[in-house]
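# just to be clear, the model below is a prediction. Sequence and coordinates:
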Amino acid sequence: MNVKKPIVKQQRRGRELIRNGRGYSKGELKQAGFDNIDLARTHGIQVDVLRKTSYSENIEQLKPIAKTLETRTKSKESSRKAKKETKQQK
């Protein structure tokens, strides 16, 4: 999965600098729809545990990824349930 680097803002001499961060904060992941941080890590999303800030730009980057992962997990669960039902019928 192709994930962009997160954006981090910092103040230096009265100017706001924007740079790439190490990973997304826990707050950003939760606001985007990731309930389980380990699930995000297994899909290649970097997590920075030390960061406390959350930026709307990062959340908007993560929302479509969270939706695709959610639909994938739901389809896998439904196919597993169908397989169990067919085994029980036999």
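Good, I have the coordinates.

# what helices or strands is whichever helix in the chain runs longest leaning on?
The longest helix of the chain (DSSP state H) is helix 56-89. With contacts taken as 3 or more Cβ pairs under 8 Å, 6 or more residues apart in numbering; DSSP states H and E, helix 56-89 sits against helix 26-32. Where you see a C-beta, it was placed from the backbone N, CA and C, and this is true even at glycine.

# report the rounded mean pLDDT for the helix it packs on.
Mean per-residue pLDDT for helix 26-32: 95.

# could you say what helices and strands it packs with?
helix 37-42, helix 56-89.

# and the contacts of that helix?
Here helix 26-32 makes contact (Cβ atoms under 8 Å, 6 or more residues apart in numbering) with 6, 37, 40, 45, 47, 49, 52-55, 58-59, 62-63, 65-66.

# show me how to select, in ChimeraX, the buried members of those residues.
Only the buried entries of the contacts of helix 26-32 go into this ChimeraX selection, using 16 or more other Cβ atoms under 10 Å:
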select :6,40,45,47,54,55,58,59,62,65,66
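
# the helix or strand where residue 8 lies: partners in the sheet, and parallel or antiparallel?
Using DSSP states H and E, residue 8 sits in strand 7-12. Sheet pairing here is set by DSSP bridges, and for strand 7-12 it gives strand 15-20 (antiparallel).

# tilt between the partner strand and helix 56-89?
Put simply, strand 15-20 runs at 30 degrees to helix 56-89, going by axes from the mean of the first three to the mean of the last three Cα atoms, to 10 degrees.

# any idea of the mean pLDDT in strand 15-20?
Average pLDDT, strand 15-20: 94.

# which residues touch that strand?
5-11.

# hmm, who's touching stretch 83-90?
By Cβ under 8 Å, 6+ apart, no surrounding residue is in contact with stretch 83-90.
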